[in-house]
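*Asks:* sequence below, structure please.
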Amino acid sequence: MKKLISMILTMLILLPCFSIVLFAQKNDESEKLWEEKQAYDAQLFEDGAVADEDSYFDDTYYGYVERAILLLYTDAALEFTFSRSYAYAEGEPIEGIFPIAPILTFGNPENACTWIHCDQIEEILKPYYDNYPFLCGDRSGVPYLRMLVKAFDISKEELYAAREKWCDDPLFIIDQIPLTKEETELYEEKQRAYPTTKDKLIPDFMIEALYLEDEAQACQLLLHPWCLLTDRGPITPYDLGWAEDQADEEVWTSLNVLSEKDQFETFAGYCRSYLGDAENPKYTEDTERIRNGYELLAMLEEKQSDPPKAGDHTVAYMVIGLLATAPCGATLAALSKKRRAARL
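*Replies:* Below you'll find the predicted structure:
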């Protein structure tokens, strides 16, 4: 009996210690992902610049995780079927559906184009797309690829292998999708002009983020730097500039900011660059709109919580440490009580 009690007490002491080790390991992994994201953003968007400010309207998550083409290099694609939609003028479909995550696009959506999309993927995404509580605009509220790897049960290892296959044989999908002769030639021509190389494919930190348990952290890692994550979806500087056209005041006052302070500061920098000078606007009619944007930015800053940054988990370590020492305290108390009883 004493041996059993001793084993139980030993386990109670050691388990929290293992928890500390695992917690520290996860924290190190999280820090590494954030460092990789920041380096990636710094390379793409030097000095907070955006190549096209229309991105503030359309783009929330990195394009890699909004598209599903990578899945065509996995075994899940063996069950895929494909359909076509045609659009003319401003991207309005004249035949078929407006695809949520097209696999390939031929032509220009502003004039005429053909979308090729996967039926199974569209079926998975449509319920979310129809019901997600977007704050502003009509855009991605979550990274689609994160939803799809879960839905098709695609492992991280399989996704890494798919990326390698995509790089080694980018023309592989020609045999997977029913393309016309003209489309095949266009795709081959594009590959010759812009060959697929490893430095142009989805980077490691994005693949790792797709599989994180923490939904908010995964989404933050996969967001463009000009976006702020809220419980109403990601918002961009455009949303603040045109808020009166997009959402009522109650929606803005009721939302919760999920991004951390350093991310908010980056977002605020993009907002100031986009909104410009409220006192001396380029066009007089923009004055009220810009001032409204700055008022919303100030309101969001008040909502901004300041949780421990990645790597600063002092409180968590203290809790785990207390848990680790609790069995020791209980053991000492029991021994002390036993000694007192023996003296009596």
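*Asks:* what about the helices in this protein?
*Replies:* 2-44, 55-58, 119-131, 144-151, 156-168, 181-193, 204-210, 215-221, 237-241, 243-246, 249-254, 261-275, 287-303, 314-343 (DSSP state H).
*Asks:* least reliable of the ones you listed by average pLDDT, please.
*Replies:* Ranked by mean pLDDT, these bottom out at helix 314-343, which scores a mean of 48.
*Asks:* A101: neighbouring residues, count only.
*Replies:* Neighbour count of A101, defined by other Cβ atoms under 10 Å: 22. Using the backbone N, CA and C atoms, a C-beta is placed for each residue, glycine as well.
*Asks:* residues contacting the nearest residue to T197 once chain neighbours are set aside?
*Replies:* Distances taken as Cβ to Cβ, 6 or more residues apart in numbering put C167 closest to T197, at 6.7 Å, once the chain neighbours are dropped. Listed by Cβ atoms under 8 Å, 6 or more residues apart in numbering, the contact set of C167 reads T196, T197, K198, L201.
*Asks:* and the second one, its phi and psi?
*Replies:* Think T197. Phi and psi for T197, reported as degrees, to the nearest 10, are phi -130, psi 160.
*Asks:* now the last one
*Replies:* Backbone dihedrals for L201, given as degrees, to the nearest 10, come out at phi -100, psi 170.
*Asks:* quick check: it touching W166?
*Replies:* Yes: counting by Cβ atoms under 8 Å, L201 does reach W166; the two are 6.3 Å apart.
*Asks:* looking at the two, which is more packed in?
*Replies:* Applying other Cβ under 10 Å to L201 and W166 shows that W166 carries more neighbours, namely 19 against 16.
*Asks:* ok, now how distant is the nearest residue to the more buried one once chain neighbours are set aside from S85?
*Replies:* The spatially closest residue to W166, leaving aside those adjacent along the chain, is Y73, at 5.0 Å (Cβ to Cβ, 6+ apart). Going from Y73 to S85 by Cβ to Cβ, to the nearest Å gives 23 Å.
*Asks:* repeat for K165
*Replies:* Per Cβ to Cβ, K165 is found 27 Å from S85.
*Asks:* please say which of these two ends up with more neighbours.
*Replies:* Set side by side, K165 and S85 show more neighbours around S85, with 19 against 15, by other Cβ under 10 Å.
*Asks:* how about the contacts made by the closest residue to the more buried one other than its chain neighbours?
*Replies:* Among residues not flanking S85 along the chain, G96 sits closest, at 3.0 Å (Cβ to Cβ, 6+ apart). Residues counted as contacts of G96 (Cβ under 8 Å, 6+ apart) are S83, R84, S85, Y86, W115.
*Asks:* of those, which pair is most distant in space?
*Replies:* Maximum pairwise distance in the contacts of G96, criterion Cβ to Cβ, is 11.0 Å, between S83 and Y86.
*Asks:* thought E301 was touching A268, still the case?
*Replies:* Yes: using Cβ under 8 Å, A268 makes contact with E301 at a distance of 7.1 Å.
*Asks:* list the buried residues for stretch 143-155?
*Replies:* Residues of stretch 143-155 classed as buried: P143, Y144, L145, R146, M147, L148, V149, F152, I154 (neighbour count, 16 or more other Cβ atoms under 10 Å).
*Asks:* which single one of those residues is nearest to K261?
*Replies:* P143 (22.6 Å).
*Asks:* distance of the closest residue to that closest one other than its chain neighbours relative to E185?
*Replies:* Closest residue in space to P143, ignoring its immediate chain neighbours: V65 at 3.9 Å, by Cβ to Cβ, 6+ apart. According to Cβ to Cβ, V65 and E185 sit 29 Å apart.
*Asks:* the more surrounded of those two?
*Replies:* Remark: of V65 and E185, V65 carries more neighbours, 27 against 11, as counted by other Cβ under 10 Å.
*Asks:* using CSV, write out every CA atom in stretch 125-133.
*Replies:* The C-alpha trace of stretch 125-133 is given here as CSV (Å, rounded to 0.1, in the frame of the first residue of the first chain):
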residue,chain,number,x,y,z
LEU,A,125,-17.4,26.6,-47.7
LYS,A,126,-20.9,27.8,-48.7
PRO,A,127,-22.7,27.4,-45.3
TYR,A,128,-19.9,29.3,-43.6
TYR,A,129,-19.9,32.0,-46.3
ASP,A,130,-23.7,32.5,-46.2
ASN,A,131,-23.8,32.8,-42.4
TYR,A,132,-20.6,34.3,-41.2
PRO,A,133,-21.2,37.6,-39.3
